[in-house]
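[1] Predicted model and sequence below, questions to follow.
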Amino acid sequence: MSGDVRVRPATVDDAARIAELSGVLGYPSDAAALGARLARLLARDGELLLVAEDDGGRIVGWTYAAERETIESPARCELLGLVVDASARRRGIARRLVGAVERWAADRGLDRVVVRSNVVRPESHPFYQGIGYARVKTQHTYEKRTS
C-alpha cells in the first residue's frame with residue numbers, strides 16, 4: 001500500500017515543494033511567501049503540518065490541521081488542507097496523513113476532527129466518507145477584499 005512512504009513534521013526547508021503541491025489544490029503560492037508563512041505557522045502551538053515522503057525523499061503529499069475553538073463550538077481539530085501528488089495517489093498516503101492528524105487531535109484531547117471539502121473536488125467526498133467522516137453541513141463561503 002504505502003510502506004515506502006514516511007510521514008513526518010514539515011520544516012521550512014519543505015516550502016518549495018509544499019507550494020508546488022498547493023498549486024494542485026488550486027492555491028498557487030510563491031515558495032518564498034509560503035516559506036515565510038510556514039515559519040510563522042510552525043512556531044505556533046496548536047498547528048500541525050505533516051508531509052509524506054517517498055523512499056527517495058521526495059515529498060508526495062502534505063496535510064495541515066489546527067486546533068480551533070470558537071464562541072459557539074468547543075475545541076476541535078480542523079483539517080485545513082490535504083493534498084497528494086497525482087503520481088502518488090491510490091496508495092493510502094492521504095489515509096495515512098489523515099490518520100496522523102486524528103492521532104495528534106486525540107493526543108491533544110480533541111474529540112473530533114472537522115474537514116471542509118470543496119464541491120469542485122467531488123473525488124474527495126467519497127474518500128472522507130470511506131474513512132468514517134459524515135457530511136454534517138453544506139455551506140457557501142463568501143469573501144470580500146479589504147484593500
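    That came through, no problem.

[2] Tell me where the model's unsure across the chain.
    Applying pLDDT under 70 to the chain picks out residues 1-3, 120, 122.

[3] hmm, 90 instead?
    Along the chain, the parts satisfying pLDDT under 90 run over 1-4, 22-31, 86-90, 115-145, 147.

[4] doesn't E123 make contact with Q129?
    No: using Cβ atoms under 8 Å, Q129 makes no contact with E123, being 11.7 Å away. All C-beta atoms are positioned from the backbone trio N, CA, C, and that covers glycine.

[5] quick one, which of the two is more surrounded?
    Q129 (12 against 8; other Cβ atoms under 10 Å).

[6] check contacts around the more buried one.
    Q129 is in contact with R135, counting by Cβ atoms under 8 Å, 6 or more residues apart in numbering.

[7] how near is it to R135?
    To R135, Q129 is 7 Å away according to Cβ to Cβ, to the nearest Å.

[8] what do you get for R121?
    Taken as Cβ to Cβ, the span from R121 to R135 is 14 Å.

[9] Also E102?
    Distance from E102 to R135, by Cβ to Cβ: 18 Å.

[10] Which elements pack onto the longest helix belonging to the chain?
    Criterion DSSP state H: the longest helix present in the chain is helix 93-107. Judged by 3 or more Cβ pairs under 8 Å, 6 or more residues apart in numbering; DSSP states H and E, helix 93-107 is in contact with strand 6-9, strand 47-53, strand 59-70, strand 73-84, strand 113-115.
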